[in-house]
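[1] this one's sequence-less:
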Ligand code: ADP
Ligand code: MG
């Protein structure tokens with residue numbers, strides 16, 4: 001089952017002299033349960049791609065389908081609700097909220113009641129059961145990122161998007177975060193698209209894409225050889 005389909009996606013910023021073609025005819029798709037990484041130099045268009053897929057930015061042309069629904073043919077209001085229910089983002093935590101409150105936060109935004117069983121399942125999967133009432137500042141960097149993963153999982157989104165979720169972490173904590181994302185993708189058959197600058201982390205994912213000057217290339221399955 002195809003969860004994400006991107007067709008001929010183009011994004012141009014600015015005009016005239018200042019014009020930047022950030023994405024040039026990008027096409028690819030992801031099946032349910034696939035965990036894909038996006039690599040590429042700084043400024044190559046990775047965040048632009050993720051932001052368009054997450055409807056945080058608007059494509060100049062092309063289409064994005066999430067579970068068969070054309071994201072940008074929806075009215076803005078419908079798109080906002082569709083995004084909230086179907087796309088999970090791995091973002092920074094709210095520092096005033098404890099671990100459990102941070103995880104259920106997206107449900108509260110959508111006036112939904114958290115299912116205590118689901119909350120426990122996620123806390124256990126991420127090894128955070130003992131940290132449930134801790135504040136973010138009382139956790140290690142790796143543990144904080146695990147809470148951010150839990151928050152993306154709680155709405156059971158069709159797709160999870162992560163822009164450099166290991167950006168500020170040392171190699172031990174980075175591997176820990178990747179391992180948690182892999183468990184989540186297997187356990188919940190969760191589709192994940194993750195940007196990483198770290199080629200070492202791509203050995204454990206299902207597929208790797210490289211973005212270079214706005215052009216996306218599919219490097220196929222575990223692409224260590226292709227990257228080296
Ligand atoms: P990456 O995430 O791979 O580092 P980005 O997607 O952030 O790259 O940026 C791709 C290109 O688009 C860069 O040249 C960047 O300067 C440009 N760009 C990104 N966002 C904007 C914006 N809001 N306005 C103008 N140019 C932008
Ligand atoms: Mg970026």
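    Here it is on my side, so go on. Just so you know, these numbers come straight off a predicted model, no measurement behind them. Ligands and ions are numbered 1, 2, ... in the order given.
[2] Give me the distance between the closest residue to residue 146 other than its chain neighbours and residue 119.
    Leaving out its chain neighbours, the residue that sits closest to residue 146 by CB to CB, 6 or more residues apart in numbering is residue 126, at 4.4 Å. From N, CA and C alone the C-beta is placed, and that goes for glycine too. Going from residue 126 to residue 119 by CB to CB, to the nearest Å gives 11 Å.
[3] Between those two, which has more neighbouring residues?
    residue 126 (22 against 17; other CB atoms under 10 Å).
[4] quick one: contacts for that one?
    146-147, 149-150, 180, 184 (CB atoms under 8 Å, 6 or more residues apart in numbering).
[5] Among these, name the buried ones.
    Among the contacts of residue 126, those buried by neighbour count (16 or more other CB atoms under 10 Å) are 146-147, 149-150, 180, 184.
[6] of those, closest to residue 135?
    Residue 135 has its nearest neighbour among these in residue 147, at 10.3 Å by CB to CB.
[7] surely that closest one meets residue 93?
    Yes. The pair formed by residue 147 and residue 93 meets the contact definition of CB atoms under 8 Å, at 5.7 Å.
[8] what sits in contact with each of the two?
    Joint contacts of residue 147 and residue 93 (CB under 8 Å, 6+ apart) are 102, 136.
[9] in what helix or strand does the most centrally placed residue in the chain lie?
    In the chain, the C-alpha nearest the mean C-alpha coordinate belongs to residue 161, at 1.3 Å (CA atoms, centre = their mean). Using DSSP states H and E, the element containing residue 161 is strand 159-163.
[10] List the strands paired with that strand, with their directions.
    In the sheet, strand 159-163 lines up against strand 87-89 (parallel), strand 191-195 (parallel) (DSSP bridges).
[11] so where's the protein shaky on pLDDT?
    Applying pLDDT under 70 to the chain picks out residues 222-228.
[12] just the helices in it please.
    46-53, 76-86, 99-109, 116-125, 141-153, 171-187, 224-227 (DSSP state H).
[13] Adding distance to ligand 1, write those out as TSV.
    Converted to TSV, those look like this (distance: least, CB to the nearest ligand atom, whole Å):
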stretch	distance to ligand 1
helix 46-53	3
helix 76-86	19
helix 99-109	24
helix 116-125	28
helix 141-153	18
helix 171-187	18
helix 224-227	16
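[14] Please produce a markdown table containing those helices, extended by distance to residue 29.
    Conversion of those to a markdown table gives the following (distance: least, CB to CB, whole Å):
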| stretch | distance to residue 29 |
| --- | --- |
| helix 46-53 | 11 |
| helix 76-86 | 16 |
| helix 99-109 | 25 |
| helix 116-125 | 27 |
| helix 141-153 | 21 |
| helix 171-187 | 16 |
| helix 224-227 | 19 |
